[in-house]
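Attaching a predicted model along with its sequence, questions to come.
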Amino acid sequence: MQWYKLLALAVLTAVFQITAAQVPVIIEDPKVEELIAKHIEFNKANAPKGFRVAIFSEAGNNSKSLAINERNAFAEIYSDIGIYMIFDEPYFKIKVGNFKTRLEARKFLEKIKNLYPNAYIVKDDIEIKVMLNSIGSEIQEDYNKGFQTPIEH
């Protein structure tokens with residue numbers, strides 16, 4: 001009967017050791033968090049430069065409602081492209097896209113030229129989506145907070 005208790009104790013010990021071995025413990029230097037925070041601040045201050053396509057610019061009494069209508073019309077056609085409505089006194093402006101190169105912006109401009117004949121390319125701070133795994137989702141959220149966010153449509 002004694003050996004049953006010893007066997008049970010050995011089995012339980014082995015199970016706990018296997019379970020404990022499957023959960024890694026990560027010990028990180030406290031300065032890692034500080035370094036990540038500095039990196040995020042740097043990226044906010046030095047937003048990546050790129051290009052957007054300006055599709056609307058209007059001043060006047062109805063310029064805001066015209067800009068909203070134009071934004072909504074664009075969103076219906078190109079729902080996957082970022083839309084940025086800004087007020088640059090006295091103008092309401094709509095810029096679209098996050099293009100890293102002028103060539104990418106030019107290709108998109110050619111695509112929409114029939115609908116927006118007065119559209120043109122502008123240099124602007126753009127959003128760059130960083131592909132991270134689920135562990136880095138908090139970093140991704142902080143990273144994106146430093147940039148203009150698209151107006152929801």
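Thanks, I have the structure now.

Pull up the pairing partners for the longest strand seen in the chain, direction included.
What stands out as the longest strand in the chain, according to DSSP state E, is strand 49-59. Paired neighbours of strand 49-59 in the sheet (DSSP bridges): strand 91-99 (antiparallel), strand 120-125 (antiparallel).

Pull out the buried positions in the next helix or strand after the first one.
Spelled out, that is strand 91-99. Heading C-terminal from strand 91-99, the first helix or strand you meet, by DSSP states H and E, is helix 102-112. Within helix 102-112, the residues scored as buried using 16 or more other C-beta atoms under 10 Å are 105, 108, 109, 112. For every residue, glycine as well, the C-beta is placed using N, CA and C.

Counting by contacts, list what helix 102-112 packs against.
strand 49-59, strand 91-99, strand 120-125 (3 or more C-beta pairs under 8 Å, 6 or more residues apart in numbering; DSSP states H and E).

which residues of this protein score low on pLDDT?
Scanning the chain for pLDDT under 70 picks out the ranges 1, 3-12, 14-23, 47, 129-153.
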